[in-house]
Every structure is written in C-alpha cells, then in structure tokens.
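> dropping a prediction and its sequence here:
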Amino acid sequence: MRRLLTVLAAGVPLALAVNLPMASADARSSSVPAAFTCSTASVKAPAGTEVDSVTAVRQEGGTIDGTGILGGTVTGVPAYCEVTVTLTHSGDNDRAKVRTWLPVNGWNGRFQAIGGSGYAAGDNGVGLATAVRNGYAATTTDAGIGDALDTAWALNGKGEVNTALLTNFASRSQHEAAIVGKQVVAAVYGERASYSYFNGCSTGGRQGYMEAQRYPADFDGILANAPAVNWDRYQLATLWPQVVMNNEKTYPSPCEFKAFTGAAVKACDPLDGVRDGLVNDAGRCDFDPRRLIGTKVVCDGRELTVTAADAAVVRKIWDGPRTASGRKLWPGVPVGADLSALAGTTAPDGNGVVKGMPFPVPQRWVATWLEKQPSFDVSTITYSQFTRLFEQSEAEYGGIIGTDDPDLSAFRDLGGKLLTWHGQTDQYIPTQGTVDYRRRVERKMGGSERVDDFYRLFLAPGTVHCGLNRGDGTTDDLGALTAWVEQGKAPGTLPATLVSSSGQSVTRDLCRYPQVSRYRGHGDPAVASSFRCVLPPRH
C-alpha cells in the first residue's frame, strides 16, 4: 500500500544539508542502470506549484566543501549528477530550489532526503555529499529562503510576516522536495528507488516529524534526531536564560557556569551505579546549585566567589520558564549541558559591565516573527512580557510550525518507521521536550509497547546538540533504521561511542526510552557490556 501511495504522490515522472549518515549497505546490486544519463528533462510539478527551471550538471566529486556558516568538508565523494529543479507557487513570488545528487556509479537503490539546520530549510552540501559517498541518491531543498541564521525573508515589504515563505520552511517545501526528488531518481536511473528515507537533526529533525505527521506516505523510514518539534514553545524557552540574567541583573561568567555544570555531573554521575563521567538519567539529577555558594572559581587568572545570586540564576535556568504565578511553561536547559550556549555574555567593557549575548535563533524568532521588528532589543523583556510572548508564539504559530501533533496513526498504518536519538546534554533544544512529545504519542496511540512498533526514541548521555557523528561520539543510526525498515529488525539498543566528561571515549548501548543504562556491578565502565538497560525507578 505504501508503494502505491508513494507512486501516486510522486506523480510518475515524465521524460526526465548538519547529521552525517554512516550506513552504506547495499539495498541491491550496486550497479547503475544502463538508462542513466545526466541531462535536463521535464518534471511534473507537485500540486500547487509550477516548475520554473530544470538543470542537470555532471560533477566529478572529490572534496566537497559545505556552504554558509556551517561549512564542513567531505572527501572521497564519487562522481555524481546534480539535478536542480526550481519550483514556484502561484502568487507567492517564491523560488524554491530542489537539488538532487545521484551517484554515477554504485547507487544502492535508495533515496534519501536531507533536512536543514537553524533557519536553513536544507543541506549545505555536506549531507548530500556524504549520502552520495554512501551510495544514496539524495535530495534537499532551500525552500526559497536563506542560510542557517538568515531571517531577512521573514517579513515582506509591509513589515508583515511572509506567510508563504514561512509555510515553505515549516512544511510544504520539504514535502515537494520528496515528490520531485523521487521523480528525478526514477528519470535518471530509469527505475524508482527501492526505499525512501529522510535524515535530519535539529531543524532537520523537526522536518522529519512533520513528514510523519502531515505526509506519512513520503518516506519508508525517518531518522529525526534532536528534533526542533514544539518550535513555537521551545524557541521562547531557549531565550529564557537571557531573560533570567537580565531581570536578575546577574551574569555568571562562563567559568562559573562550568563550575555549576561540573558539580552537577559529579553529583549525579553515580546514579547509574558507577562513576564513568556520564549522567545516564539526567531527569533524576536534582543537584541544588546553592551548594556552590561561597565556592572559589578561577576565571582568566581572577578568583571569583560564587554568590547566592549566581546560584539563583542557574536554578531558574535549569528549572525552565515559568509564569509569574509559578506555572511551568517548558523544560529548562538539561543539567550537564553547557549553560553558556544560551546564557551567553559579553566580555566586560571598560567599566566592567557585562551584558547578555543571546543565541541568534530564538533572538530572531522573538524580534522578527513576534515583535515584527528585527532590531527589537530582547534584553528589555520582563518576566511578564516573556509569558505574553510565549503565549503569542503558541497562538500565532503552533498550527504552522509547532510540529507536535501526536497522532502518527497514518504513518504507522503505512508501515513507516521513525527513529530518534537526542543528546541528554543538548545545550540548544531541551531533551525533555522530545520526551514530552513521545509521552503524548503514547497517550494518543495505546502506550509504550504499541508505539515502539513504529517509533523509537534513544537518549544519549553526555551528548551535545546533534553531537553523534559530528565529533562528539558516533552511532550507525541510519544503518539501524534501514535494518528496521528493510529487514524488520527493530533496534533494541543503539550501539554508540560517547565522550565522557573527562574526554574519554567509551562504548555504550543507548537504551530505548524509557529505559536507562545501569552498571552491572562489575566490568570495565568504558565498555558497553558492563551496562544493561533497565526501567528507571520512577517507572
């Protein structure tokens, strides 16, 4: 049934962006069909769009440098055909480019769509190059907007939100890219892909969840890591550390923040039965930052004393945003994560004055989409104004880009598989937001065991935002997903290499939520076999 719906959605073709996948297993013979030709041709436009242009260029591969602020480099890329299809929506004055890279030799029969980062809807070349190197035909879209921190497209000439481009970014361009990319693959190779996958982290993770919720026939398998779901709420939540510092008029230094984090990790490390430099169940860590009051910290050669005001700021940041009456709005920064990422500060000026330096993604969301004034000074936001903005973001944008619908029944019924890991020390997207979504899916769809049939979540201790496979440990997540989709082998654990707080590489089997890792009581703490997955005490 999925095959049929996918063909219908793609419209049988007429003549015709960072998570780095590791899997490269063949879906079938690694020979390219004889019909392969890298040339321009007609493409059937997805519903509601027009094809503005189609180009095809053979690229020799080699070393590919990622564009934009994210950069990155991939070596050993084989020759590939690059097909670019530009789509427009009548009356919207947009031009969304869909790029598809197809290996000239060694195609594994699979299709992979690559998600974006920050405010970039698609890949900067690194994900495409990695996919091609691993034998995939890969597609991404720019949605007609810009780079990861480019929000110049957000407002039109009247200072109003450009709803067309926001809709592109939120959902429709990714769906249209799936349709177009599959057409291009079928046209160039002379046959359709055997399996279709989506791969993304952060914004890409949100796009993956959006696909499962709104376009369940697009992909057989979705790898959506550290997902920016609950966009309308989590964006405000990640501005909370700045709101706290500005309202409390207290700006702990990066060294002091590091001291709080280090003390919390040290206190909560043994919860899994052994000191191994990893907090395996961050949700149970209840370290009180007031324990550090009076502690001496050396920062840049100066000795500082942790104050009660410093501890109060950290406590509020870890706790997360609340209303003036104490109602919880969203989870805070996970204990163990780098506090200075969202609670950034400037260096002292000539008078020793320090100011907050907000992370650009939430800062621009508030200034541009909520206040409609890109130059708006977020440092002026009071606690009561924060609550108003939080509620405004929910009301205005939850239905457009919230991406938090827990009803995945259509995706499940079509046989789709959704795999996610999220770092427990994610400094940008609170891990508990993903856990909250998973719990809502369970309540909607019959409990944990039934949801595990098609959607599995793994939490990675000691792992930063999108950290696995990007220098902060590794895991063959895409390989696990393809085995699940193509062979029915559901991942009970996700084998990974992690980096402890001391910088040591250790192996772990990431546990399927809600299970957590527990030391067996014997064996090398750096080896995965010394641990087992168990339900946490609260279960």
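Cool, got the structure. Residues are numbered from 1 along each chain as shown.

> ok so residue 140 is a strand residue?
Yes: under DSSP: H, G, I helix; E, B strand; the rest coil, residue 140 sits within a strand.

> that one reaches residue 177, doesn't it?
Yes: with contact defined as CB atoms under 8 Å, residue 140 reaches residue 177; the gap is 6.7 Å. (Each C-beta comes from the backbone N, C-alpha and C, glycine too.)

> could you list the low-pLDDT ranges of the chain?
Under the criterion pLDDT under 70, the flagged ranges of the chain are 1-35, 538-539.

> so who does the most centrally placed residue in it touch?
For the chain, the residue nearest the mean C-alpha position is residue 202 (1.6 Å; CA atoms, centre = their mean). Residue 202 makes contact with 117, 118, 225, 226, 227, 228, 428, 429, 465, 466, according to CB atoms under 8 Å, 6 or more residues apart in numbering.

> possible to save those residues as a markdown table with neighbour count and secondary structure?
Formatted as a markdown table, those follow (neighbours: other CB atoms under 10 Å; DSSP: H, G, I helix; E, B strand; the rest coil):
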| residue | neighbour count | secondary structure |
| --- | --- | --- |
| 117 | 28 | strand |
| 118 | 20 | coil |
| 225 | 29 | strand |
| 226 | 28 | coil |
| 227 | 30 | coil |
| 228 | 29 | coil |
| 428 | 22 | coil |
| 429 | 30 | coil |
| 465 | 21 | coil |
| 466 | 25 | coil |
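
> which residue is the nearest non-sequential neighbour of residue 224?
Leaving aside its sequence neighbours, residue 224 sits nearest to residue 208 (CB to CB, 6 or more residues apart in numbering; 2.8 Å).

> any idea how far the one you found is from residue 529?
31 Å (CB to CB, to the nearest Å).

> again, but for residue 298
Distance from residue 298 to residue 529, by CB to CB: 40 Å.

> coming back round to it: which neighbours do residue 140 and residue 177 share?
By CB under 8 Å, 6+ apart, the residues touching both residue 140 and residue 177 are 98, 113, 122.

> just the element for the first one, please.
The one in question is residue 98. strand 96-103 (DSSP states H and E).

> the contacts of residue 202: which two are farthest apart?
With distances taken as CB to CB, the most widely separated pair in the contacts of residue 202 is 118 and 225, at 14.9 Å.

> in three-state terms, label the residue of the chain positioned farthest from its centre for me.
Using CA atoms, centre = their mean, the residue of the chain lying farthest from its centre is residue 351. It sits 39.9 Å away. Look at residue 351: counting by three-state DSSP, its state is coil.

> for the residue lying closest to residue 467 once chain neighbours are set aside, give the beta-bridge partners.
Distance criterion CB to CB, 6+ apart; nearest residue to residue 467, sequence neighbours excluded, is residue 423 at 5.2 Å. Here residue 423 sits in beta bridges with residue 460, going by DSSP bridges.

> residue 423 and residue 468 touch, don't they?
Yes: using CB under 8 Å, residue 423 makes contact with residue 468 at a distance of 7.3 Å.

> shared neighbours, these two?
residue 460.

> for residue 438, which non-adjacent residue is closest in space?
Residue 438's closest residue in space is residue 457 (CB to CB, 6+ apart), at 5.0 Å.

> contacting residues around the host helix or strand of that neighbour?
Element membership for residue 457 (DSSP H and E) is strand 455-460. With CB under 8 Å, 6+ apart as the test, strand 455-460 has contacts from 212, 282, 408, 412, 417-424, 431, 434-435, 438, 441, 467-468, 473, 475, 490-491, 493-494, 496, 498, 510-513, 516.

> same thing but at 6 Å, please
By CB atoms under 6 Å, 6 or more residues apart in numbering, the residues outside strand 455-460 that reach it are 418, 419, 420, 421, 422, 423, 424, 438, 494, 510, 512, 513.

> dump these into CSV; add neighbour count, secondary structure and distance to residue 313 as well.
Converted to CSV, the contacts of strand 455-460 look like this (neighbours: other CB atoms under 10 Å; DSSP: H, G, I helix; E, B strand; the rest coil; distance: CB to CB, whole Å):
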residue, neighbour count, secondary structure, distance to residue 313
418, 26, strand, 37
419, 25, strand, 37
420, 25, strand, 31
421, 28, strand, 30
422, 29, strand, 25
423, 29, strand, 23
424, 24, coil, 22
438, 19, helix, 30
494, 23, strand, 35
510, 29, strand, 32
512, 18, strand, 35
513, 22, coil, 31
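
> nearest to residue 59, of these?
residue 419 (30.3 Å).

> what's near enough to touch the nearest residue to that closest one once chain neighbours are set aside?
Distance criterion CB to CB, 6+ apart; nearest residue to residue 419, sequence neighbours excluded, is residue 481 at 4.7 Å. By CB under 6 Å, 6+ apart, the residues touching residue 481 are 221, 223, 419.

> let me have those residues in CSV, extended by distance to residue 370.
CSV is the format used below for the contacts of residue 481 (distance: CB to CB, whole Å):
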residue, distance to residue 370
221, 35
223, 31
419, 33
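
> out of the residues you listed, who's nearest residue 372?
For the contacts of residue 481, the nearest to residue 372 is residue 223 (35.3 Å; CB to CB).

> pretty sure the closest one contacts residue 201?
No: Residue 223 lies out of contact with residue 201 (CB atoms under 6 Å); the separation is 8.5 Å.

> so for those two, which residue has more residues nearby?
The neighbour comparison of residue 223 against residue 201 (other CB atoms under 10 Å) goes to residue 201, with 35 against 28.

> and residue 369, how many neighbours?
Residue 369 has 21 nearby residues by other CB under 10 Å.

> equivalent analysis for residue 50, please.
Residue 50 has 11 nearby residues by other CB under 10 Å.

> try the one 5 residues further on
Other residues within reach of residue 55, judged by other CB under 10 Å, total 13.

> which residues sit in contact with it?
40, 84.

> if we go to 8 Å?
40, 83, 84.

> re the thing from before, which residues does the residue nearest to residue 467 contact?
Residue 423 neighbours (CB under 8 Å, 6+ apart): 226, 431, 459, 460, 462, 463, 464, 465, 466, 467, 468, 472.

> same thing but at 6 Å, please
Counting by CB under 6 Å, 6+ apart, residue 423 has contacts 460, 463, 464, 467.

> and which of those is nearest to residue 536?
Using CB to CB, the contacts of residue 423 come closest to residue 536 at residue 460, 15.8 Å.

> how far away is the closest one from residue 253?
28 Å.

> when these two are compared, which one has more neighbours?
residue 460 (28 against 19).

> which phi and psi does residue 342 have?
When read as degrees, to the nearest 10, the backbone of residue 342 gives phi -100, psi -20.

> can we start the residue count at 45 from this point?
Done: numbering now begins at 45, and the last item shifts to residue 386.

> pretty sure it contacts residue 281?
No: using CB under 6 Å, residue 386 makes no contact with residue 281, being 9.3 Å away.

> and the contacts of the longest helix anywhere in the chain?
For the chain, the helix with the greatest residue count under DSSP state H is helix 427-445. For helix 427-445, the surrounding residues in contact (CB under 6 Å, 6+ apart) are 214, 275, 276, 280, 287, 291, 367, 368, 373, 414.

> how about the contacts of residue 99 in JSON lines, adding distance to residue 235, secondary structure and neighbour count?
JSON lines is the format used below for those (distance: CB to CB, whole Å; DSSP: H, G, I helix; E, B strand; the rest coil; neighbours: other CB atoms under 10 Å):
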{"residue": "84", "distance to residue 235": "19", "secondary structure": "coil", "neighbour count": "14"}
{"residue": "127", "distance to residue 235": "16", "secondary structure": "strand", "neighbour count": "29"}
{"residue": "128", "distance to residue 235": "22", "secondary structure": "strand", "neighbour count": "16"}
